[in-house]
Each structure stands twice: as C-alpha cells, then as structure tokens.
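1. below is the sequence, then the predicted model.
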Amino acid sequence: MNEAQVKEALGKVIDPALGHDIVTYRILRSVEVQGDDVLVRLDIPTAAYPQLQRRELAQRVEKACKDVGAKRVTVIPEVVTAFMPAPSDKAVLKGPKNVIAVAAGKGGVGKSTVATNMALALARHGAKVGLLDTDVFGPSIPTMLGAPEVPPQANEQQRITPAIHHGIKVISFWDTVIGENNELVYICAFDDLAHRTKAWAAFQADPEWLAARKASEANGPLVERVVNKIWKPTPFSPLQ
C-alpha cells in the first residue's frame, strides 16, 4: 500500500453533503502513509457543513483506506471556508472571505429577519460572521438582536468598531448618522434605548433628510453616501 493507491481509492469517495467525490471537489487536502497507518486531512468547505455528514464522510474515508490495506486510519477534518478571490486588490470590503447580500425591491418583506437569522445560524455552526445593516430608513436589526455584549465604538482614527451581538460583529445605521459636515455622529453614544430612540427620531425629522427622502432623484446618491460612510471605515477583522 502506498500514497498513490490511497489517493486513487479516496477519489471514489463521494461527499455525503455535496454529492461529488472528495478529490475533484478538493475536500481531500493530504494523505500520509507510514506502513499500515494512514493519516488523511480533509478541508470542510463551510462551518455550516452538518455534523452528521461529517461523521459519515470520515467513515467513508476510513473504509476506502482499509479496503486498500490500511490497518489504522486517522481522519482529521478542518473547516477551511471556501471563497472566490476578490476580482482585484481594490476590493472595498477588506477581511470577509464571502459576502451574502440580502436585498429586495420592496420594504417590509423580511430582509432584516432573513439576514439576522442567517448570520446567527452561521455563527452557531462555528463560522466567524459579521452583519452589516444598511437599512437607512428604518433599521430593525439592532432591535431584533437586543442589547450588545460589546457596544459599537469610534476609535482614534474615527473608524467604527462593530458591536458584538451573540458573538457576531454588527454595524448598523441605527448606530451612526451623518452630520452637517459629512462627519459621523454616533447615536451609540447613548447607552439606553430611550435616548437612542429619541436621537434617531430627531435625525429622521430633520428637514434636509425629509427633503432628500421625498426627492426620488436624490435617494440613490443619498443612500450611497450613507452606506459608504458606514461600511468603508469599519475595520471588520477576517471573517468567513
């Protein structure tokens, strides 16, 4: 029994979750053979890969190795999140490997609910997750998530440090508004919900903001300005 024989056998192992062989889909990272012992390292492409299928995959790998003569097989699966590289080094959002956009052409259809549940579910599976809430007219995600374990901050470089809710990094327009001189004004400076709500209501009642909302031709540039002021200065650390 040698490494080539083991790899050939593993090429016939079908991933129980993806339905394709583990060699073609690059689930197999490496094989080490020492006598009758075989060590197999696997790259699990997502933290959301079900545990039941992980165990089944390990059993299939072990059986394939023993079928070609292995006496003892050690299978080490490790989550290595799959991702497509950014199209250029000028990517705006640095850090996250993958971005899932939740959007719709209509309000009130559940975008925030879907985004929140998806982020929490991925985090529960073990993924490192961030949630960027760019609802500029009525953000509800901070309400859904409740009080943060760590509130958002502004560092010395005037960059937003995301809040931590249930282990995920969150930045929302609820935490920031745009001031008269295009600077960021932090509603998050108010610790209690009553003051935050009052500050938010005052901002929404601002005549300039109301005029911009009513002028359909201004909505696009306005939203782009707000979104860019929120996400570009935010130092998200590496996320999956």
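-> Arrived safely.
2. packing partners for the helix or strand hosting residue 65?
-> Using DSSP states H and E, residue 65 sits in helix 51-67. On a contact count with 3 or more C-beta pairs under 8 Å, 6 or more residues apart in numbering; DSSP states H and E, helix 51-67 meets helix 3-10, strand 37-44, strand 72-79. C-betas here are computed from N, CA, C, even on glycine.
3. residue 114 reaches residue 103, doesn't it?
-> No: judged on C-beta atoms under 8 Å, residue 114 makes no contact with residue 103 at a distance of 10.2 Å.
4. more neighbours: these two, which one.
-> Taking other C-beta atoms under 10 Å, residue 114 and residue 103 do not tie; residue 114 has more neighbours (13 against 7).
5. three-state assignment of the more buried one?
-> Assigned state for residue 114: helix (three-state reduction, DSSP: H, G, I helix; E, B strand; the rest coil).
6. what about it, distance to residue 100?
-> Separation of residue 114 from residue 100 (C-beta to C-beta, to the nearest Å) stands at 10 Å.
7. please apply the same query to residue 42.
-> From residue 42 across to residue 100, the span is 24 Å (C-beta to C-beta).
8. ok, now residue 9?
-> Distance from residue 9 to residue 100, counting by C-beta to C-beta: 36 Å.
9. contacting residues for the closest residue to residue 172 other than its chain neighbours?
-> Take residue 172 and drop its neighbours on the chain: the residue closest to it by C-beta to C-beta, 6 or more residues apart in numbering is residue 133, 3.7 Å away. Taking C-beta atoms under 8 Å, 6 or more residues apart in numbering, we find residue 133 in contact with 112, 115, 139, 141-142, 170-174.
10. pLDDT score for residue 177?
-> With respect to pLDDT, residue 177 has a value of 52.
11. my bad, should have said residue 196
-> pLDDT, residue 196: 53.
12. do the same with residue 78
-> pLDDT, residue 78: 91.
13. likewise the one 3 residues further on?
-> Reading off the confidence values, residue 81 has pLDDT 80.
14. any idea how many residues pack against it?
-> Counted with other C-beta under 10 Å, residues neighbouring residue 81 total 17.
15. residue 42 and residue 100: which has the busier surroundings?
-> Applying other C-beta under 10 Å to residue 42 and residue 100 shows that residue 42 carries more neighbours, namely 24 against 11.
16. pretty sure that one is touching residue 61, no?
-> Yes: using C-beta under 8 Å, residue 42 and residue 61 qualify as a contacting pair, with a distance of 7.1 Å.
17. show me where the protein has strands.
-> Using DSSP state E, the strands found in the chain span residues 28-34, 37-44, 72-79, 130-133, 153-154, 160-161, 163-165, 168-172, 176-178, 184-186.
18. just name the most buried of the ones you listed.
-> The highest average neighbour count among the strands of the chain, using mean count of other C-beta atoms under 10 Å, belongs to strand 168-172 at a mean of 24.
19. neighbouring strands of that strand in the sheet, and parallel or not?
-> Next to strand 168-172 in the sheet, as set by DSSP bridges, lie strand 130-133 (parallel), strand 163-165 (antiparallel).
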